[in-house]
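> any chance you can model this:
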Amino acid sequence: MKKSLFKNMLAVTAVLALTFAGCSVDSSSTDDANQIEKPGDDSKSKDDSKKKPHIDRGEWADEDDTEEENEKESGEISDPVEISDSPEGLKVFSSLSANDVSESSFTSQTIKYNVIVNAAEDAQILVDKNSQTLSGVKYSRRIKLGSTGSKTSRNITIYVGANQKGTLTIDVASSNSTAKDRVLMANDVQVGNAPTKAGTLSASVQADENGYIAIYSAKDGINIYGIRWSTGSEGGVAKQTSSEAVIPVLDNSDVAPSYRNGVKAGTRTDISSVDTDSIEMVLFASPKGKPEGAGTKQSPMDIQTALSKIPCGGAVVLKGGVYKLSETVSIAYGNNGTESARKYLLPETGKTAVLDFSRQVIDDTSRGLQLNGNYWHIYGITCYNAGDNGMYVTGSNNIVERCVFQANQDTGLQIARRASDLSDKKDWPANNLILNCTSFDNKDDKTGENADGFASKLTCGDGNVFDGCISYANCDDGWDLYAKPSTGPIGIVTIRNCVAFQNGKTTSGANYANGDMNGFKLGGSNNECPTPHVVENCVAFENGKDGFTDNGNGGGLNVSGCTSYANLNSNFNFYRTFAGGVFKKLVSMTGSVSPKQVDKFGGKAEECSVASKISDSVYLTDKSKKTFNYVTKESVIYNGEKIGETGVADLYKSELKSTDHPLVSLDVDAKCRNTDGTVNLGGYLEIKEGSKYAGLGARFGDEALNVIPCGL
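Okay, here's the model as predicted:
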């Protein structure tokens, strides 16, 4: 925007009272993350495709199978640059919510709500009532840009500092429910096409030499609900988090599925039946607890002090509330329980405890909860908005149960070694059980690619198990088991009774085009690190790439009783399984989606050291006709072979108990679980009794089949 334009606004500024309804930010007050032991180059996986240098906001990224490594490096965090106010008196912009703007009609150039509204009689900007829930915010109003604008006319202009670079995120919708060609602009950058159904757009933008960014429509009407800005600084990126963001609670007693099939499936412990008042060795912590606290209900400690002092067999009990934290909560190496006397971390009976790390900057050291100890049982907490992993597990023989990992800047929960000098596999984390946990909206604003729901990758030992976990709406993969040649194969991971869906887009609808977007990514490195992982009774649907993929593992994967539906690249992609993969009781379905590839099992004959085998499975063999093959008896299969009964129609149309789709929302953890925490999708994608294909694919139940005594 031209300097002369802003000089003319000085008189306007003198008479207008500026309202800063949550929109100003002190750019010099960023908290430093606590400096935990750095993982060296181990925290990121090798992506399963080359990344394209474009931002595709409306469609899933079209990716090939070429592999490219992307490791992260730890770095020191620099203080953000001090930015002075604009000549017009605008504070440095952080966010604007349409909820804070009065219903009105702007017909002239106006400075209000810490923004400049560039309007005129013939270029009005209106604010009216409209209800939407986006990015965790319940909006009751919208700002209507009206029609085509420019950098000088019919726009909303924010001040961020001269030539500042950052990320602009806007909750937005086309004003026409069928028009998909409404382009939202920020200065000369296309933020993206406004969706016909309200969603979120995001793009990297640079301010002009005066520090301003004008937001406008390049064609016809666009409605804006919220605007957020975050800036980058050396070694870290400032996060902006709405105070109205909804953090889920774990109590699902009122909304658990009513569907019952008389089946027991999955695992839980009996810790949910423990009354925390009856625990003998206990230290209480609270959001306002003090290091000098006695650890009683009346005199609670802070969480970090309590964790460091609890003896074997004892429990740290978190009083209900939101724990606002700017530093990593660390369970130190050597702070161990024993096999017969674990240490426990859980909320007070009947209460909800949320570890909110929104004060952390985005940085590789900004973990939420880091578990370096052995024989811990962590139950029922939420790790929210950490600057890196929500929880990072480096210890062994731990149980993490009924936890939620939401909106973290790297993988929700990751298992890997605690330090890069631990090269011996015996020192890597092993035998951890991740039980009935949910991970979603993890998004990696720094690169747009590395935040999975769950990961056991790069440097982890044998025996790590994910049971009953749900991973959805993460910017990268649902699960990532990547290994790289420099550190060698990881231990065998088991994934059972789990669900991965709609990874690649967050719950707001934002698409992270750099993400790999698979449901279950089971390895990597083109057969240089083969590991025979096990996947049982799992479901993948509507992921942005593959439902299940070997990702170049090469090892003899064992995949059984799994269902894969409507994934955009392929449902089952195992054409690089060279060492005797076993595939049985699998169901592939496409519905209305036209996948890019057919299902593939085993490498070519000349590539395989041991042939893969398949049995009792329905898999896609013709993507244009959408026909499938049904193989019954165990048979050798190589990539591209079509064996068994041919021309089978899509089972989605006739053979399912339910096609009632679980909605992507903030309360999936409640709606898709039984009251004991085990998965229940209400019969969705399960083959009905009496079908020719009964017994194939995944099936969940009403309650846990296995109950593990917790020891409290």
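
> would you mind measuring from the residue nearest to Lys426 when sequence neighbours are not counted to Gly478?
What sits nearest to Lys426 in space, not counting adjacent residues and going by CB to CB, 6 or more residues apart in numbering, is Gly461, at 7.1 Å. For glycine as for every other residue, the C-beta is placed from the backbone atoms N, C-alpha and C. According to CB to CB, to the nearest Å, Gly461 and Gly478 sit 22 Å apart.

> more crowded one of those two?
Gly478 (34 against 22; other CB atoms under 10 Å).

> which residues touch Gly677?
Gly677 makes contact with 268, 272, 401-402, 435-436, 468, 704 under the criterion CB atoms under 8 Å, 6 or more residues apart in numbering.

> my guess is Tyr630 contacts Thr621, does it?
No. Between Tyr630 and Thr621 there is no contact under CB atoms under 8 Å: 10.1 Å.

> would you say Ala670 is within a strand?
No. Per DSSP: H, G, I helix; E, B strand; the rest coil, Ala670 lies outside any strand segment and is helix.

> once you drop chain neighbours, what's closest to it?
Asn252 (3.6 Å).

> same deal with Lys443?
Cys475 (4.5 Å).

> what separates the one you found from Gly690, distance-wise?
41 Å.

> which one of those two has more residues nearby?
Just comparing Cys475 and Gly690: by other CB under 10 Å the higher neighbour count belongs to Cys475, 30 against 7.

> and the more buried one, what pLDDT?
Per-residue pLDDT puts Cys475 at 92.

> then Leu666?
We have a pLDDT of 87 for Leu666.

> how far away from the center of its chain is stretch 533-545?
16 Å (CA atoms, centre = their mean, to the nearest Å).

> quote the end-to-end distance of it.
End-to-end distance of stretch 533-545 (CA to CA, to the nearest Å): 20 Å.

> Ser97: how many residues sit nearby?
Ser97, neighbours per other CB under 10 Å, totals 23.

> thinking again about what came up before, roughly how far does the residue nearest to Lys443 sit from Thr438?
16 Å.

> longest strand in the chain, by residue count?
strand 222-233 (DSSP state E).

> against which helices or strands is that one packed?
Packed against strand 222-233, as judged by 3 or more CB pairs under 8 Å, 6 or more residues apart in numbering; DSSP states H and E, are the following elements: strand 95-97, strand 125-134, strand 137-144, strand 155-159, strand 165-174, strand 212-217.

> using JSON lines, lay out the ones you listed together with distance to Gly448.
Supplementary listing: the helices and strands packed on strand 222-233 in JSON lines, determined by distance: least, CB to CB, whole Å:
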{"stretch": "strand 95-97", "distance to Gly448": "20"}
{"stretch": "strand 125-134", "distance to Gly448": "19"}
{"stretch": "strand 137-144", "distance to Gly448": "21"}
{"stretch": "strand 155-159", "distance to Gly448": "22"}
{"stretch": "strand 165-174", "distance to Gly448": "10"}
{"stretch": "strand 212-217", "distance to Gly448": "20"}
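
> do you know which of these lies nearest Ala579?
For these, the distance to Ala579 is smallest for strand 165-174, at 43.0 Å, taking CB to CB.

> quick check: mean pLDDT of the closest one?
89.

> just stretch 567-575 next, same as before
97.

> just the C-alpha atoms of it, please, in CSV.
What follows is stretch 567-575 as a C-alpha-only set of coordinates in CSV (Å, rounded to 0.1, in the frame of the first residue of the first chain):
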residue,chain,number,x,y,z
ASN,A,567,-7.5,-43.5,0.3
LEU,A,568,-6.5,-41.2,-2.5
ASN,A,569,-3.4,-43.0,-3.9
SER,A,570,-4.0,-46.6,-3.0
ASN,A,571,-5.5,-48.7,-0.2
PHE,A,572,-2.7,-51.2,0.1
ASN,A,573,0.8,-50.3,-1.3
PHE,A,574,3.2,-53.2,-0.6
TYR,A,575,5.1,-53.5,-3.9
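
> which residues are contacting that stretch?
Counting by CB under 8 Å, 6+ apart, 60, 63, 517, 519, 540-550, 557, 559, 564-565, 581, 583, 586, 588-590, 593, 595-603, 612, 619-620, 639 sit against stretch 567-575.

> separate out the buried members of those residues.
60, 63, 517, 519, 540-550, 557, 559, 564-565, 581, 583, 586, 588-590, 593, 595, 597-603, 612, 619-620, 639 (16 or more other CB atoms under 10 Å).

> low-confidence regions, the protein specifically.
1-84, 231-245, 250, 513 (pLDDT under 70).

> ranges for the helices of it?
3-7, 10-15, 303-309, 668-671 (DSSP state H).

> neighbours around the residue nearest to Lys671 when sequence neighbours are not counted, how many?
Distance criterion CB to CB, 6+ apart; nearest residue to Lys671, sequence neighbours excluded, is Val255 at 5.5 Å. Burial of Val255 is recorded as 14 neighbouring residues (other CB under 10 Å).

> now swap in Lys264 and tell me
Neighbours of Lys264 using other CB under 10 Å come to 14.

> list the contacts of it.
701-705.

> derive a PyMOL selection command for the buried subset of these.
The following PyMOL line selects those of the contacts of Lys264 that are buried, judged by 16+ other CB under 10 Å:
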select buried, resi 701+702+703+704
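
> so which of the contacts of Lys264 sit within strands?
Per DSSP E, the subset of these in strands is empty.

> now tabulate the contacts of Lys264 in JSON lines and tack on distance to Leu201.
Converted to JSON lines, these look like this (distance: CB to CB, whole Å):
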{"residue": "Gly701", "distance to Leu201": "41"}
{"residue": "Asp702", "distance to Leu201": "41"}
{"residue": "Glu703", "distance to Leu201": "42"}
{"residue": "Ala704", "distance to Leu201": "42"}
{"residue": "Leu705", "distance to Leu201": "44"}
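
> between the contacts of Lys264, which is closest to Pro87?
Closest to Pro87, out of all of the contacts of Lys264 and judged by CB to CB, is Ala704, at 64.1 Å.

> leaving out the residues flanking it, which one is nearest to that closest one?
Arg268 (4.3 Å).

> distance between stretch 376-391 and the chain's centre?
13 Å.

> could you tell me the end-to-end distance of it?
First residue to last in stretch 376-391 (CA to CA) measures 13 Å.

> what of stretch 334-344?
OK, stretch 334-344 end separation, CA to CA: 15 Å.

> do stretch 286-300 as well
Across stretch 286-300, first to last residue, CA to CA, it's 6 Å.
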